[in-house]
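[1] next input, structure requested:
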Amino acid sequence: MLGQKPEHIHVLGVAGSAMAPVAGMLKESGFRVTGSDLNVYPPASTLLDSLGIRWNEGFLEENLQPAPDLAVVGNIVARGNPEIEYILDEKIPYCSMPELLEQYFIPGHTSIVVAGTHGKTTTTAMLAWIFHMAGRRPDFLVGGVIPNFNDKSYGLGGGEEFIIEGDEYETAFFDRGPKFLHYHPDELILTSLEYDHADIFPDLAAIALQFRRLVNLVPRRGRILIWGESPELRDVSAKTFCPLETFGLTAGCDWQAGDLLWQDSATEFRVVFRGSEVTRIRMPLAGRHNVLDALAATALAYGRGVECQAIEQALATFQGVRKRMEIKGEARGVLVVEDFAHHPTAIKLTLEATRTRWPGQKIWAAVEPRSNTMRRKIFQDVLPQALMVADAVLIGPVNRAQLLGEDQRLSPEQIADSLLERGRPAKAFESADEIAEYLAENAKSGDVVMVMSNGSFDGLSGKVLERLKSLAGTRR
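    This is a model prediction of the structure:
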């Protein structure tokens with residue numbers, strides 16, 4: 001337990017995708033909140049400023065004077081950080097972000113956790129919107145920005161449900177276990193399970209063990225929903241103590257999406273539960289992965305008594321999550337789109353969805369090897385096959401390449417060579433600026449540029465649009 005309820009809470013790593021929303025939750029709950037971080041920029045800076053949260057650029061002992069009642073330590077913060085060292089020296093109470101949620105926000109609610117290698121952000125956002133549209137006033141926390149909630153990532157509706165994205169990444173430097181083990185799920189969705197987070201997990205078995213531990217936390221009265229077409233998920237959930245339901249696109253699943261159709265800028269499909277039609281969904285998102293996310297959200301909401309009409313209306317008006325097939329702009333007839341795609345499977349699914357949404361148009365895939373897994377050679381042989389879905393591939397430099405030895409580091413040049421051998425145009429570049437210049441010279445009206453990275457890719461989307469516009473001006 002964290003002891004007496006504090007008044008002043010200081011957040012280390014306040015600009016993180018989950019930390020900034022948590023700081024917002026604290027502020028809206030009546031705490032006095034301050035924070036520190038490096039490289040603070042929108043949307044985190046915008047959110048913090050709008051809420052009147054004072055934040056510091058950089059980590060300094062002075063940021064903790066006078067001492068807060070509690071410090072919340074993000075998982076990017078390690079020993080040697082000046083603020084951590086001061087906290088330990090002065091015995092300032094501290095906890096991790098998941099511990100904070102575990103103690104102050106989840107109690108008194110039904111905890112609904114969405115976990116998995118892919119799809120957890122979108123599925124969690126869909127659930128939050130469904131329960132909101134149903135008038136259930138959910139509390140929620142999502143690791144992405146949701147346009148439906150005025151670009152917020154959290155809500156404190158005060159209702160029965162707390163809906164949270166369950167991340168398998170480690171909690172803090174003093175707690176190497178996954179974040180999601182702190183969320184005590186009453187109901188659990190598992191969207192997928194693949195090897196990821198190569199910086200902390202040696203293999204898939206190590207990740208699967210954590211998912212087994214998560215499954216083992218669900219009480220007998222609870223419920224677990226898994227993607228039934230995943231042998232890995234079937235394995236980790238084989239010994240549940242609560243009801244287990246599967247979802248997928250095949251007849252062997254309890255919940256099945258059928259008759260998928262993309263038309264008039266929307267995906268339509270039937271939802272069937274054990275042979276009986278439950279509802280029909282129409283949503284403005286493309287791609288098989290989004291259908292699976294919507295199916296999982298529908299199944300969980302329906303099981304909690306949400307009426308089909310509310311589910312249908314919510315998904316029909318769901319605007320997605322920022323940086324998930326997000327249109328950034330169009331210049332000279334070239335459409336620039338961004339996606340978070342951080343893993344070969346996610347890249348393949350995103351590109352397939354791009355083909356569905358913009359059929360017949362040339363697709364350029366611009367990829368930044370940025371995640372801790374993508375930066376490594378682990379997927380050196382798998383990534384080219386995923387990228388074959390695109391018509392042409394542009395690969396940026398490995399992010400923080402200097403931190404990896406050549407024997408560990410992914411080779412963009414080898415990826416490009418492998419694609420060229422398979423007959424797919426591909427090229428490796430030294431910078432985002434070079435990619436922007438190349439696209440401005442070679443992309444044609446009607447083409448789609450899909451920018452894929454779990455970071456900013458050095459502002460590539462904006463640079464491509466600016467360069468296209470500048471060339472359009474010179475060619476008048």
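
[2] list the contacts for Ser111?
    Residues in contact with Ser111 (CB atoms under 8 Å, 6 or more residues apart in numbering) are Phe162, Ile164, Tyr183, His184, Pro185, Asp186, Glu187. Just so you know, the C-beta spots here come from the backbone N, C-alpha and C atoms, and that holds for glycine as well.

[3] could you rerun that using 6 Å?
    Listed by CB atoms under 6 Å, 6 or more residues apart in numbering, the contact partners of Ser111 are Phe162, Tyr183, His184, Pro185, Asp186.

[4] tell me the spacing between the fourth one and Arg422.
    Looking back up the chat, that one is Pro185. Distance of Pro185 to Arg422, given as CB to CB, to the nearest Å: 43 Å.

[5] quick one, which of these two is more surrounded?
    Set side by side, Pro185 and Arg422 show more neighbours around Pro185, with 26 against 12, by other CB atoms under 10 Å.

[6] which strand residues bridge the closest residue to the more buried one other than its chain neighbours?
    In this structure, Pro185 finds its nearest non-sequential neighbour in Val113, 3.8 Å apart by CB to CB, 6 or more residues apart in numbering. Going by DSSP bridges, Val113 is paired in beta bridges with Ile164, Leu188.

[7] can you tell me the SS state at Gly177?
    strand (DSSP: H, G, I helix; E, B strand; the rest coil).

[8] which SS class is the nearest residue to it once chain neighbours are set aside?
    In this structure, Gly177 finds its nearest non-sequential neighbour in Thr171, 5.7 Å apart by CB to CB, 6+ apart. Following three-state DSSP, Thr171 is assigned to strand.

[9] give me every residue that touches Thr171.
    With contact set as CB under 6 Å, 6+ apart, Thr171 has these partners: Ser96, Pro98, Gly177, Lys179.

[10] could you turn the buried ones of the residues you listed into a PyMOL selection?
    This is how PyMOL selects the buried members of the contacts of Thr171, with burial counted by 16 or more other CB atoms under 10 Å:
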select buried, resi 96+98+179
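
[11] redo the contacts of Thr171 as a markdown table? Include pLDDT and distance to Lys463.
    As requested, the contacts of Thr171 are exported to a markdown table (pLDDT from 0 to 100; distance: CB to CB, whole Å):
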| residue | pLDDT | distance to Lys463 |
| --- | --- | --- |
| Ser96 | 97 | 36 |
| Pro98 | 97 | 36 |
| Gly177 | 94 | 40 |
| Lys179 | 96 | 34 |
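
[12] quick one: the helices in the stretch 351-476 of the chain, in order.
    Here the stretch 351-476 of the chain has its helices, by DSSP state H, counting those that start in this stretch, at 383-387, 412-421, 432-442, 460-474.

[13] least reliable of the ones you listed by average pLDDT, please.
    Comparing mean pLDDT across these, the lowest value falls on helix 460-474: a mean of 86.

[14] check which residues of that one are buried.
    When burial is assessed from 16+ other CB under 10 Å, helix 460-474 yields the following buried residues: Leu460, Ser461, Gly462, Lys463, Val464, Leu465, Arg467, Leu468.

[15] wait, the second one sits on Val336?
    Think Ser461. Yes - if you go by CB atoms under 6 Å, Ser461 and Val336 touch, sitting 5.2 Å apart.

[16] what does Arg270 show for phi and psi?
    With angles defined as degrees, to the nearest 10, Arg270 sits at phi -90, psi 140.

[17] then Gly143?
    Phi and psi for Gly143, reported as degrees, to the nearest 10, are phi -80, psi 40.

[18] read off the pLDDT value for it.
    The model reports Gly143 with a pLDDT of 89.

[19] pretty sure it is touching Lys120, no?
    No - Gly143 is not in contact with Lys120 according to CB under 6 Å; the separation is 7.8 Å.

[20] next, show the common contact partners of those two.
    Jointly contacting Gly143 and Lys120 under the rule CB under 6 Å, 6+ apart are Glu165.

[21] and the helix or strand in which Val278 is found, what does it pack against?
    Val278 is part of strand 276-283, with elements assigned from DSSP states H and E. The contact analysis (3 or more CB pairs under 6 Å, 6 or more residues apart in numbering; DSSP states H and E) places strand 276-283 against strand 266-273, helix 308-316.

[22] closest to Ala366 out of those?
    strand 266-273 (25.0 Å; CB to CB).

[23] now that closest one - C-alpha only, PDB.
    Output of strand 266-273 as PDB, limited to C-alpha atoms (Å, rounded to 0.1, in the frame of the first residue of the first chain):
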ATOM      1  CA  ALA A 266     -16.700   1.700 -44.400                       C
ATOM      2  CA  THR A 267     -16.300  -1.900 -43.400                       C
ATOM      3  CA  GLU A 268     -19.400  -4.000 -42.800                       C
ATOM      4  CA  PHE A 269     -19.700  -7.400 -41.100                       C
ATOM      5  CA  ARG A 270     -22.000  -9.700 -39.300                       C
ATOM      6  CA  VAL A 271     -21.400 -10.700 -35.700                       C
ATOM      7  CA  VAL A 272     -22.300 -14.300 -34.800                       C
ATOM      8  CA  PHE A 273     -22.100 -15.900 -31.400                       C
END
